[in-house]
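**Q** Turn this into a structure:
(chains A and B)
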Amino acid sequence: MNNYKLLGKNFTPPDIVAKVTGKAKYAEDFRVEGMVFARLLSSPMPHARVKRMDTSEALAMPGVIGILTADDLPPVVSPQKPTLTNEPHYVGEPILALAAESETLAQDALEKIKIEWEPLPFTVDPLESLYPGGANARTDGNVVSRGSSGNPPAIEDTKWSARDFAAVEEGQLPMGQAQAEWSYGDVEGNFKEAQYVIDETFVTAGTSHHCLEPRSALAYWQNGKCIVHGSSQSQSFTHPFLAGMIGIKPEDLVFIGEYCGGGFGSKGYAYTEMSIPAHLSKKINRPVMMRVSRAEEFFVGAARPGFQGRVRLGFAENGRMLAADLHIVQDNGPDTGFNDFMSAGDALALVYTPKAMTFKGIPVATNTPPRVPQRGPGQNQLACVIEPLLDKAAKHLGIDRVAIRALNDPDNDTRYGPKQRGLTSAYLNEALEKGAAKFGWQEKKKLSGKKNGSKVMGIGVGQAYHSAGSKGYDGLVVLTPEGKLHIHTGVGNLGTYSHTATSRVAAEVLKCDWNSCVVVRGDSRKHLPWNLAQFGSNTSYTMTRTNYVAAMDAVNKLKEIAAMDFGGTAGDYDIGDEKVFSIADPSKSLSYAAAAQRAIDIGGKYSGQEAPEDLNAMTKTSVAGLAGTGLIGVAKDNLESEGTPPAFAAGFIQIELDIETGAYEILDYVGSVDCGTVLHPMGLDQQIKGGAVMGFGMATKERHVYDPQNGLPAAVGVNDSKLTTYLDLPLEMRTTAVDIADPMNPVGSRGIGEPVMGCAAAALLCAISDALGGHYFNRIPIVPDMIVNATSGRDQSHGPLAINTF
Amino acid sequence: MEPEFYTPLGAGDTPKSRSARVSRRSFIKGIIATGATVASGSMLGTLAGCSAETSSTTGIAGTVERLITLNINGKSRRVDVLPQETLAMTLRYKLGLTGTKLGCDRGECGACTILIDDVPTYSCSTLSHGVRGRQVTTIEGLQAANGDLHPVQQAFVDELGPQCGFCTPGQVLSAVGLLKVNPSPTRDEARRAMSGNLCRCGAYDHYLNSVMRAARTS
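**A** Model (predicted):
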């Protein structure tokens, strides 16, 4: 346990009152004089080329101001995602944007634009595209090479041979030439040694992000600068990328992202749609509000990649995983896509620590919405695949399901994967133990299979992982002559309150009363430091470090100023009660307010006239902007960090499954996590539960289905996509945390946002299989039809590798 | 003519509001009566200016009145409203009340929930002309004049209800509507009443904690 005054305690986040009073301003809530409205014209076809476009009638309409097409923008290199395009690769891809005095007028004008399309071949199924003669989603190929470090992704044309497809049994994933592969250990030797070998084909469906706030944006130009109100999970990290998309220098961009109505990975940093109003505004010289509709958000808001895969797992008699062999064909969407499949491979190696393993994967382009990171990208799909199979092994070998997980889990000494990397610390076992105790696993598991009419009890446990931190970013704090501590943070507002939870580290280090502290954020004009984005569960680890080093710099400067005034050396002084004082004679003291004024008088590094060389350019600019306003604490995080900082989560669930209807009810859920030191208990509670809600949807409800005949989507809105509601949940959810400090973080903290989803999804899948006495679907989502088919002994209506199933 | 239609939420409904619900047929007839002859008008025709001066003169003569009076948060507001304009758009773009959020604009998510005569209602699916003579309460109307938060808002703060906050105004108003008709709901009653409000962050458990706290404290 620790003795922190602020860390580990609840607090009222400074932005929460605005959220409950409607005063929180999201991108679409801003108005600018002379503002006009833009609407997008998007592709009606999955793959086509604009042969001719006639915009004359639309542009002649009174009140129509101008349009922006792909021809106005610099071309992008395939397979990068274009901002606008004349060769759309999915239904809903933006072709042009039109601005008019009113939104209705803009929409009416779009109707007057005549486009002659040349339809092109398309595919919505990766395996179909790999088949000899199969359609490519892009004219220049179908597989995105990840390239080695430094090389941009490139598009290749890959077909597997008919022999590759014929060589496997019906319903088994073929595996031809892979795009990425690695191996370690004696894989086949360990399989030979195994007492029990599982060989399964699986499918995980993609899921749309469905951020409740569509990615609307407002942009205008003033005195050569572009001002953008956008919706981003992140603040500082979004800035330079958005500037690049607009084609300006970062210093010529003002980015305001104080609030963001959900991102889940899809608004991790700048995205092309956010730059459209900026481009259009520049062209027509008017402020442009581009509202994105719910339907448009489905298309441009991207999705999680789906997997078609095959996994072989070999277990020793005691349940130890000896060997693993994982093959994944990833639905990569129309452009660059994301590395989910590779992260899935890493996660298998890390979470289950097989003695030997092979990984092969290939990302294949499809004419469906872009695939970008979604909460636990790759790791959470992997959890949904492997966790039920662990249960299968446990059942076969007669081992408790928690015990088989504990046996294979990593610990502080684990080296994982082909590079045999270490972890900063790992307490997944402790999370399992704590969660099992809170849930009452030993008692509850006895209820497994208990019948109540047509309902059967199912008990499940699931685990998930994501890496949880980075290093090397900057921290920036200011002690003002008014005696306030301004903690400048480049952390965005994705809804976790981590902007403030991590800022409190600076207050803790400087021993400031929280009421003396102001968190400064949300607007690039506020002199913010260079911080990493709010993705990858990293914020709690990465930005506790930056705030720690900035505060330590401020502490050192306080002591140096005291030594100048009272004599001796900095080491003769300490801080407390918002004062710096002589250890030998505490009556010799300077209040923080007085010290801040002294810093201004002294100048130089003390008040920001000088800044460390190793800071990022953004931080240097911010320090220069703050120079002379107080005592500046600023530093780059050069602290040690060895190994991967992990986030681990375990979920425990009790359900009642109606085997006649396929419906289930969740009776209890406990989420248990290892995220190092807990910074903000209620915030952590929120993440564990909210992640679980998303996980339940991923496991059993959410649809992302494309019609293979026409390439059209079947579930565009939030209703069709079956997002989880109040009524899909247990009446109460419970959480717990290990709360053991990580040695590589100055306050012991690591992130957690992503695995809390995967563990819940996996636990629910395991509970359904448990209720069915050990029927494993090897597919998500498991929908009621599949359950009813299973219980009534009917074949499923889809083959093992079929995707786009309902 | 005073159209008698609006569309209350299914959940959180009161018997009183149910009697006010109209059939699809009369709803369509109502729209025809109020708006069909100016269907080509631009819904957001005066958005940028938002001034009352552009008012009724821009409408087609002989059709429905455009400059109407709405009762919003206890105040009479004169506002220029197109016949086919939704209340969400009037609130957000004519009256500057941007606390009402548009998540889907198609009656699926509940982010735009407001109260009409204390009944939670999707403002994206309610025509502004239909709420003349009714009391409309938005999120901006809950805080007391002295700045005190409404007990439901305070409970949402104390229980760390919101995550990203985008669905929060709608969640708060659904909770306020529930507690008006059922001051001491069970947790199950509360979640049923709130089930018309989606939250993609999955903050449901904390929102329910907030509702139950508000029921205890108000």
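**Q** Please name the residues that touch the residue in chain B positioned nearest to chain A.
**A** Taking Cβ to the nearest Cβ as the measure, the point where chain B comes nearest chain A is residue B:99, at 1.8 Å. In short, each C-beta sits where N, CA and C put it, glycine included. Each residue near residue B:99 by Cβ atoms under 8 Å, 6 or more residues apart in numbering or on different chains is listed here: A:21-23, B:138-140, B:169.
**Q** again, but for residue A:382
**A** So residue A:382 contacts A:343-344, A:347-348, A:351, A:758 (Cβ under 8 Å, 6+ apart).
**Q** May I ask which of those residues has the most neighbours?
**A** Counting neighbours by other Cβ atoms under 10 Å in any protein chain shown, residue A:758 leads these with 34 neighbours.
**Q** Mind pulling the model confidence for it?
**A** Among the per-residue scores, residue A:758 holds a pLDDT of 98.
**Q** Identify the residue spatially nearest to it, adjacent ones excluded.
**A** residue A:464 (2.9 Å; Cβ to Cβ, 6 or more residues apart in numbering or on different chains).
**Q** Would you quantify the distance from that neighbour to residue A:428?
**A** 10 Å (Cβ to Cβ, to the nearest Å).
**Q** Name the residues contacting each of the two.
**A** By Cβ under 8 Å, 6+ apart, the residues touching both residue A:464 and residue A:428 are A:351, A:648.
**Q** the more surrounded of the two?
**A** Taking other Cβ under 10 Å, residue A:464 and residue A:428 do not tie; residue A:464 has more neighbours (33 against 30).
**Q** any idea whether the closest residue in space to residue A:180 that isn't next to it in sequence is helix, strand or coil?
**A** Closest residue in space to residue A:180, ignoring its immediate chain neighbours: residue A:361 at 5.1 Å, by Cβ to Cβ, 6+ apart. Per DSSP: H, G, I helix; E, B strand; the rest coil, the local secondary structure of residue A:361 is strand.
**Q** residues contacting residue A:532?
**A** Residue A:532 makes contacts with A:234, A:237, A:470, A:473, A:538-539, A:542-543, as judged by Cβ under 8 Å, 6+ apart.
**Q** so which two of the residues you listed are the farthest from each other?
**A** A:234 and A:470 (12.8 Å; Cβ to Cβ).
**Q** These two: which has the busier surroundings?
**A** Comparing residue A:234 with residue A:470 by other Cβ under 10 Å, the one with more neighbours is residue A:234, at 27 against 19.
**Q** residues touching that one, list them.
**A** So residue A:234 contacts A:257, A:267-269, A:490-492, A:494, A:531-535 (Cβ under 8 Å, 6+ apart).
**Q** Out of those residues, which comes closest to residue A:106?
**A** Closest to residue A:106 out of these is residue A:267 (23.9 Å), distances taken as Cβ to Cβ.
**Q** which ones are touching the closest one?
**A** Each residue near residue A:267 by Cβ under 8 Å, 6+ apart is listed here: A:211, A:215, A:231-234, A:260, A:494.
**Q** try 7 Å this time
**A** Neighbour list for residue A:267: A:211, A:215, A:231-233, A:260 [criterion: Cβ atoms under 7 Å, 6 or more residues apart in numbering or on different chains].
**Q** Turn those into CSV, columns for neighbour count.
**A** Listed next are the contacts of residue A:267 as CSV, based on neighbours: other Cβ atoms under 10 Å in any protein chain shown:
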residue, neighbour count
A:211, 26
A:215, 29
A:231, 29
A:232, 30
A:233, 28
A:260, 28
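**Q** Could you provide those in CSV, with additional columns for distance to residue B:164 and pLDDT?
**A** CSV is the format used below for those (distance: Cβ to Cβ, whole Å; pLDDT from 0 to 100):
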residue, distance to residue B:164, pLDDT
A:211, 8, 98
A:215, 13, 98
A:231, 10, 98
A:232, 12, 98
A:233, 9, 97
A:260, 6, 98
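**Q** Just those: which are in helices?
**A** Among those, no residue falls in helices (DSSP state H).
**Q** that older thread, in a helix, the residue of chain B closest to chain A, correct?
**A** No - going by three-state DSSP, the assignment for residue B:99 is coil, not a helix.
**Q** pLDDT score for it?
**A** For residue B:99, the model assigns a pLDDT of 98.
**Q** give the contact list for the closest residue to it other than its chain neighbours.
**A** Distances taken as Cβ to Cβ, 6+ apart place residue A:22 nearest to residue B:99, at 1.8 Å, with adjacent residues excluded. If you count contacts by Cβ under 7 Å, 6+ apart, residue A:22 has them with B:99, B:139-140, B:169.
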